[in-house]
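**Q** This is a predicted model, with the sequence first.
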Amino acid sequence: MLLFNKAKLIYLLIGFSLLAALVPAQHTGVLFFLDQWPAFGLGISIFYLFNIKDKLSGLCFICLLAINLFGLFNSSVNNTEYKVAGIITFAIIIMGNYYRMVPNFVTLLGRYSYSVYLIHIPVGVYILALFENKIIQKNPALNFAYDLTVYLVVTGLAWLIYNHIEVPAIAYGRKFAQKYFNANAKKHSG
């Protein structure tokens, strides 16, 4: 989508959203992603709501929102929790733009959430799961201690990645954008 003209990108996004809402799910093939598209489409709707300030932005937001809400509930994902979580997440993100949260432990963990997302499977599932044996699995106290240890290791690694890779990369990206694209980049609040 980055290759398309920004002025016409909205039409492509609306097209993908319509396809995702109306075409039966394909779990393989070129259109495999359409089943999950409505959740991403809601995120794109939020982007248009808060970042695009032209005459069509309101209409685009309403179209994307309506199509992707329909697509989310029409999806072949037969998981009510997934659908409810999508709506709640959408609402929280919108509210977060209007009501700033007081920094607390949860917002601190939120900073590391992308790093956790990136490493929780390779580190938490594939590497650390090698150490989980039948004794740990059958003993609730050991299993809890093991899971807590995995959580702490993943969170610690996420903290390192956030502070030593993500924050510097964001700062570099902003400088690069300002220098080469005259972008109006805000200072990272992390």
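**A** It's in.
**Q** For residue 4, which three-state class applies?
**A** coil (DSSP: H, G, I helix; E, B strand; the rest coil).
**Q** what's the helix or strand for the closest residue to it other than its chain neighbours?
**A** In space, and not counting its chain neighbours, residue 4 is closest to residue 12: 5.6 Å by Cβ to Cβ, 6 or more residues apart in numbering. For glycine as for every other residue, the C-beta is placed from the backbone atoms N, C-alpha and C. Element membership for residue 12, per DSSP states H and E: helix 6-22.
**Q** Could you tell me the phi and psi values at the residue nearest to residue 65 when sequence neighbours are not counted?
**A** In space, and not counting its chain neighbours, residue 65 is closest to residue 45: 4.5 Å by Cβ to Cβ, 6+ apart. Residue 45 has phi and psi values of phi -60, psi -40 when expressed as degrees, to the nearest 10.
**Q** List the contacts of residue 45.
**A** 61, 64-65, 68, 90 (Cβ atoms under 8 Å, 6 or more residues apart in numbering).
**Q** Would you mind measuring from it to residue 74?
**A** 16 Å (Cβ to Cβ, to the nearest Å).
**Q** Residue 4 too?
**A** Distance from residue 4 to residue 74, by Cβ to Cβ: 26 Å.
**Q** same thing with residue 101?
**A** 33 Å.
**Q** Can you pull the poorly scored residue ranges out of the protein?
**A** Counting by pLDDT under 70, the ranges of the chain that qualify are 1-2, 25-28, 55-57, 76-77, 182-190.
**Q** From the domain annotation, what segments belong to each domain of it?
**A** 6-98, 105-181 (automatic domain parsing).
**Q** Count the residues that sit near residue 161.
**A** Residue 161 has 17 neighbouring residues, counting by other Cβ atoms under 10 Å.
**Q** for the nearest residue to it once chain neighbours are set aside, phi and psi?
**A** Closest residue to residue 161 apart from its sequence neighbours, by Cβ to Cβ, 6+ apart: residue 115 at 4.1 Å. When quoted as degrees, to the nearest 10, the phi and psi of residue 115 stand at phi -60, psi -40.
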